[in-house]
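Colleague: Dropping a prediction and its sequence here:
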Amino acid sequence: MPEIRRGLDLHKFLATRTEAVNRALDQSLPPAKTKPATIHKAMRYSLFAGGKRMRPALCLAAAQACGGAEKDALPLACAVECIHTYSLIHDDLPAMDDDDFRRGKPTNHKVFGEGIAILAGDALLTQAFELAAQCRKFPRYPHQTIILEIARAAGSLQLIAGQVADLEAEGKQIPGPELKFIHERKTSALLCCATRLGGMSANCPPGQLAALTRFGHHVGLAFQVIDDILDVTQTSEQLGKTAGKDVAEQKATYPAIVGLEESRKIAAQLTDQAFAALKIFKGRAVALEALAEFLLKRDR
Ligand code: GRG
């Protein structure tokens, strides 16, 4: 049944934006046959393997909330998806999570080998900066600001920090605040960055950017709590990746620390905090609201 939220058909929103993002990504990457073909095939393999495109959707919805043109946000939405896909390829490597399935398909290194998978991730990370460098000029947010935004979210204080802390926490009992530290960095940072970039592409004023930051932060934390819940409650087929790995590897998660019911409550509270941040948009953030609700109720 389509979810209609104050006139918004979210399924249609997601379908049309996914199509636009896929088209833009296809045009921005070298064609698969470009020499050396292996690397371009490997980049495209993971990028077009069927991800949910939630980060691009948040970026475009944020641009809409701020009254911007979504086409101006599109290169940035694509840049964030490139970074996200790179992080998944590298996370799946034998040296990291050692996973065989992702997005319902064999992982990049299973198909192309470890060396090419590492390089495909590296190339996607670099592609993100190429996209950002070529985006339109936004008066309040020059290219330097946009590139800094992406670099900081992907760097050793955020995404990489989260991955390092996650690796180091394996098999250990960690306290709640340390788990939050990991979630803020390995998950929330990039969702928040996607949302902020959407606002920046709309040349939003500082008050709106602060609201988008609060929204992205809380939605990002809720996203990871739900991800941990799904790891326990869904099958590998439903998720398109190996389910049950957190328990098997004794990973610190909210379900492991506080149980499933309490984890669901925490995700709902975080989503409420995300909704609260949107008040400033006075009803113009319908797509962001609908996405936050969708992410809370998602089953994959
Ligand atoms: C830089 C190697 C490296 C890792 C950074 C992002 C990350 C840390 C690791 C990837 C695996 C992971 C558990 C990330 C947390 C965020 C998350 C739940 C990603 C999955 O995102 P979805 O569900 O995936 O949006 P799709 O495939 O739908 O795009």
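Modeller: On my side now, so go ahead. If you're wondering where the values come from, they're calculated on a predicted model, not measured in any experiment.
Colleague: and this structure, which residues reach the ligand?
Modeller: Residues of the chain found near the ligand (CB under 6 Å from any ligand atom) are 51-52, 54, 84, 87-88, 90-91, 96, 103, 159-160, 162-163, 186-187, 224, 227. In this view, the C-beta of every residue, glycine as well, is placed from N, C-alpha and C.
Colleague: now do 8 Å
Modeller: 49-55, 81, 84-93, 96-97, 102-103, 121, 154, 159-160, 162-163, 166, 185-187, 190, 223-224, 227, 240-241, 300 (CB under 8 Å from any ligand atom).
Colleague: hey, which helix is longest across the chain?
Modeller: For the chain, the helix that runs over the most residues, judged by DSSP state H, is helix 206-233.
Colleague: Tell me the buried residues in that helix?
Modeller: 208-209, 211-231 (16 or more other CB atoms under 10 Å).
Colleague: now swap in stretch 160-169 and tell me
Modeller: Buried residues in stretch 160-169 (16+ other CB under 10 Å): Ile160, Ala161, Gly162, Gln163, Ala165, Asp166, Ala169.
Colleague: Can you pull out the low-pLDDT segments for the stretch 1-150 of the chain?
Modeller: 1-6 (pLDDT under 70).
Colleague: hey, where'd the strands end up in it?
Modeller: 4-5, 8-9, 101-102, 105-106 (DSSP state E, counting those that start in this stretch).
Colleague: wait, which of the ones you listed is closest to Ala276?
Modeller: strand 4-5 (16.5 Å; CB to CB).
Colleague: Which pLDDT value goes with Asp166?
Modeller: If you check Asp166, the pLDDT there is 92.
Colleague: Then Ile257?
Modeller: Looking at Ile257, its pLDDT reads 89.
Colleague: Show residues contacting stretch 91-110.
Modeller: Among residues not part of stretch 91-110, those counted as contacts by CB atoms under 8 Å, 6 or more residues apart in numbering are 42, 45-46, 49-51, 88-90, 111, 114, 116-118, 120-121, 163, 167, 236, 240-242, 245.
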